[in-house]
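# sequence unknown, structure follows:
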């Protein structure tokens, strides 16, 4: 395992054992883009979960701009 997905996750939702914490994941797809083995996929999610991800993504970037 190369673990490229771990270093490319902007919210640190993937640990060194490649476990994804869904409550933290913002669905950006960075892990899928950098996975040379095709081991990462984005699942289709319900609208409620998707809206929650959008809010988490907005909060993440808001915090990045403040820092």
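Perfect, I can see it now. As the structure is a prediction and not an experimental result, all values here were calculated from the model.

# so which residue is dead centre in this protein?
residue 25 (4.0 Å; Cα atoms, centre = their mean).

# how near is that one to residue 60?
Residue 25 is 11 Å from residue 60, where distance means Cβ to Cβ, to the nearest Å. For every residue, glycine as well, the C-beta is placed using N, CA and C.

# what touches both of those two?
residue 11 (Cβ atoms under 8 Å, 6 or more residues apart in numbering).

# for the residue nearest to the residue nearest to the centre of the chain when sequence neighbours are not counted, give me its contacts.
In space, and not counting its chain neighbours, residue 25 is closest to residue 13: 4.1 Å by Cβ to Cβ, 6 or more residues apart in numbering. Counting by Cβ under 8 Å, 6+ apart, residue 13 touches 20-22, 24-26.

# now tabulate these in a markdown table and tack on distance to residue 32, pLDDT and secondary structure.
Output for the contacts of residue 13, formatted as a markdown table (distance: Cβ to Cβ, whole Å; pLDDT from 0 to 100; DSSP: H, G, I helix; E, B strand; the rest coil):
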| residue | distance to residue 32 | pLDDT | secondary structure |
| --- | --- | --- | --- |
| 20 | 11 | 94 | strand |
| 21 | 16 | 94 | coil |
| 22 | 15 | 88 | coil |
| 24 | 16 | 91 | coil |
| 25 | 12 | 91 | coil |
| 26 | 13 | 89 | coil |
